[in-house]
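A.B. asks: Using only what follows, build the 3D model:
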Amino acid sequence: MWSEHVEPTADLEGAVEQGEGELVGPFLPARGRRLNGRISRPAIDWEQQYRRAVIISDTAATAFVVAAIGRFFGVRHAANWHEKWGILAFCTELLVMGSLAVTRSWAPAVLGQGAEEFRRLGRSLFTAAVVLALGGIALTSHNIKLWVFVAIPAITLTTMTERYLLRLWLHKQRKEGRCLRPVLAAGSPATVRDLIARTRKFPHLGWRVEAVCTSHGLGPNRDRLDEVPVVGRLTEVANHVRRDGYRVVAVTPDPHWSPDRLQRLAWNLEGGDAEMVVAPVLMEVAGPRLHVDAVLGIPMLRVSMPAFTGGHRAVKEVVDRLGAAVLLILFAPLMLLVGLLVLVDSPGGAFYRQHRVGKDGREFTLVKFRTMVAGADRARAALADRNEGAGLLFKLRRDPRVTRVGGVLRRYSIDELPQLLNVVTGSMSLVGPRPPLPEESAAYGPDIRRRLLVKPGLTGLWQISGRSDLPWEEAVRLDLRYVEDWSLALDAVILWKTLRAVLQGRGAY
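C.D. replies: Numbering: from 1, shown residues only. This next block holds a predicted model:
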């Protein structure tokens with residue numbers, strides 16, 4: 001019902017001052033305080049301050065790249081006016097900034113939230129490159145290739161890096177209880193409780209449920225629901241928002257919410273700062289598959305089919321194979337060293353081969369570095385009563401079969417590098433669900449079998465979210481979410497965050 005985004009976090013600047021209702025850090029309001037039954041909100045809106053910081057960072061990053069192009073490629077002394085460095089630099093900066101504005105890449109709703117921020121950023125920079133190329137063709141500029149094929153990609157890399165660093169810092173603040181949008185949840189106690197649990201589990205999303213309204217104005221403990229005050233009935237939502245200044249009204253399913261009542265609530269919230277968010281009664285489908293259309297004057301939520309074929313999938317196939325081939329070349333010396341260490345550490349071969357199930361249920365041979373003693377599969381039955389894995393998985397935190405070198409390889413996922421061969425040959429993808437064993441897939445129900453609609457991946461949402469520490473249900477949910485909501489932007493985000501997950505080694509054993 002409520003989609004989550006698994007995002008990382010980090011630091012930018014030191015704190016300026018700290019106090020209740022005052023700024024914490026360069027543009028961060030602390031929690032508001034309740035005075036005479038009302039919540040006193042900080043005077044400065046951290047969302048606008050964060051947006052301003054993003055705009056300044058984008059502008060500075062673009063200017064830095066443009067200046068570097070002029071310095072290192074020496075295009076200042078061209079004879080024609082449209083070849084001169086200053087003119088091209090100004091046009092490039094103007095095009096990039098204008099494109100970012102037109103595509104709403106600075107909208108507060110997307111800043112710091114999921115893959116949509118980077119999707120819009122990439123779209124705007126691609127648009128700027130196309131316009132710049134067409135302008136260069138019209139002016140017969142000889143230097144335009146430099147700006148289209150060097151400057152724009154460099155600007156893309158630089159702006160995405162600074163956006164990522166800003167997001168890391170923002171999410172760190174949210175985990176510490178700051179930069180959270182105050183939410184009034186309105187719906188049935190069960191659905192509101194689910195929302196509260198999710199916002200607490202994923203504070204980086206930026207929501208904090210501070211009050212609840214239910215149909216009877218009561219919670220399971222009379223005036224509280226999971227330690228959150230129940231402030232009134234569903235018919236009083238607009239009054240509480242106007243009085244206490246909540247930034248988000250989260251409407252969860254309840255028989256009370258008829259179309260007329262939802263429309264009346266939306267009208268009553270007009271003119272204020274509150275954003276109304278309605279949870280559709282759907283499975284966890286989000287991102288590019290959801291569209292709102294007007295059908296016979298009625299707003300309808302249209303859910304498009306998952307994309308298992310088409311142009312984007314073709315691009316993914318090309319990127320997978322080329323990317324894996326490049327990574328194999330880069331990691332070849334490391335893989336040679338690891339293979340020798342495995343051979344020296346314990347008797348047996350350097351590689352371990354295992355049958356796994358891939359797309360559409362087809363089996364393939366997965367290749368890894370050997371991390372256990374020879375014949376470890378035969379010893380598994382004797383360890384069955386010590387299984388610590390969730391669901392259908394067999395895992396032991398301190399598996400006696402793992403060798404000394406194998407423990408290190410597993411911690412940092414180095415043992416999985418040979419799977420790049422599986423990606424090159426087409427049986428796996430760089431990003432996708434975890435490849436299951438044949439006995440695991442045989443026990444799948446119809447819903448879990450949807451994991452097999454796409455190629456399994458070397459990494460995925462399961463890896464950046466905790467790997468073996470995840471409950472079985474959560475691992476399945478993440479895999480199904482990837483299948484349902486796949487996009488090239490989501491793949492890029494997962495690949496970016498895999499590096500941090502591998503370095504931390506969390507959940508790998």
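A.B. asks: Neighbours of Arg326, how many?
C.D. replies: Actually, residue 326 is Val. It isn't Arg. When neighbours are counted by other Cβ atoms under 10 Å, Val326 registers 11. (Glycine included, C-beta is placed from N, CA and C.)
A.B. asks: just the one 5 residues further on next, same as before
C.D. replies: The burial count assigned to Phe331 is 15, neighbours taken as other Cβ under 10 Å.
A.B. asks: quick one: low-confidence parts of the stretch 401-509 of the chain?
C.D. replies: Applying pLDDT under 70 to the stretch 401-509 of the chain flags residues 466-469, 503-509.
A.B. asks: any idea where the helices of it begin and end?
C.D. replies: Applying DSSP state H, counting those that start in this stretch to the stretch 401-509 of the chain gives helices spanning 404-411, 419-425, 438-442, 461-464, 472-485, 488-504.
A.B. asks: residues in contact with the first one?
C.D. replies: For helix 404-411, contacts defined as Cβ atoms under 8 Å, 6 or more residues apart in numbering pick out 338, 341-342, 345-346, 369-372, 402, 414-415, 505, 508-509.
A.B. asks: among the residues you listed, which are in strands?
C.D. replies: Phe369 (DSSP state E).
A.B. asks: so can I have a markdown table of the helices of the stretch 401-509 of the chain showing distance to Lys359?
C.D. replies: Below are those laid out as a markdown table (distance: least, Cβ to Cβ, whole Å):
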| stretch | distance to Lys359 |
| --- | --- |
| helix 404-411 | 26 |
| helix 419-425 | 12 |
| helix 438-442 | 12 |
| helix 461-464 | 17 |
| helix 472-485 | 11 |
| helix 488-504 | 16 |
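A.B. asks: Packed most tightly, which of those would that be?
C.D. replies: helix 461-464 (a mean of 24; mean count of other Cβ atoms under 10 Å).
A.B. asks: isn't there a helix covering Val277?
C.D. replies: No: Val277 is assigned strand when assessed by DSSP: H, G, I helix; E, B strand; the rest coil, not a helix.
A.B. asks: pLDDT wise, what is it at?
C.D. replies: The score at Val277 is 87. That number is its pLDDT.
A.B. asks: beta partners of it?
C.D. replies: Judged by DSSP bridges, the bridge partners of Val277 are Ala250.
A.B. asks: List the contacts of it.
C.D. replies: Val248, Val249, Ala250, Val251.
A.B. asks: any chance of those residues in CSV, with distance to Glu236 too?
C.D. replies: Output for the contacts of Val277, formatted as CSV (distance: Cβ to Cβ, whole Å):
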residue, distance to Glu236
Val248, 17
Val249, 12
Ala250, 16
Val251, 14
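A.B. asks: I'd like the distance between Phe90 and Ala67.
C.D. replies: Using Cβ to Cβ, to the nearest Å, Phe90 is found at 12 Å from Ala67.
A.B. asks: quick one, phi/psi of Leu111?
C.D. replies: Backbone geometry at Leu111, expressed as degrees, to the nearest 10, gives phi -70, psi 120.
A.B. asks: what's the neighbour count on it?
C.D. replies: Leu111 has 22 neighbours, counted by other Cβ under 10 Å.
A.B. asks: Would you agree it is in contact with Arg51?
C.D. replies: Yes: between Leu111 and Arg51 a contact is recorded at 6.1 Å, counting by Cβ atoms under 8 Å.
A.B. asks: Let me see the ranges of the strands in the stretch 301-450 of the chain.
C.D. replies: Applying DSSP state E, counting those that start in this stretch to the stretch 301-450 of the chain gives strands spanning 351-357, 363-369, 429-431.
A.B. asks: So which elements touch the last one?
C.D. replies: Packed against strand 429-431, as judged by 3 or more Cβ pairs under 8 Å, 6 or more residues apart in numbering; DSSP states H and E, are the following elements: helix 311-345, strand 457-459, helix 488-504.
A.B. asks: residues of the second one that come out buried?
C.D. replies: Okay, so that is strand 457-459. Buried residues in strand 457-459, counted by 16 or more other Cβ atoms under 10 Å: Gly457, Leu458, Thr459.
A.B. asks: which one of the residues you listed sits closest to Phe331?
C.D. replies: The closest of these to Phe331 turns out to be Leu458 (Cβ to Cβ; 12.2 Å).
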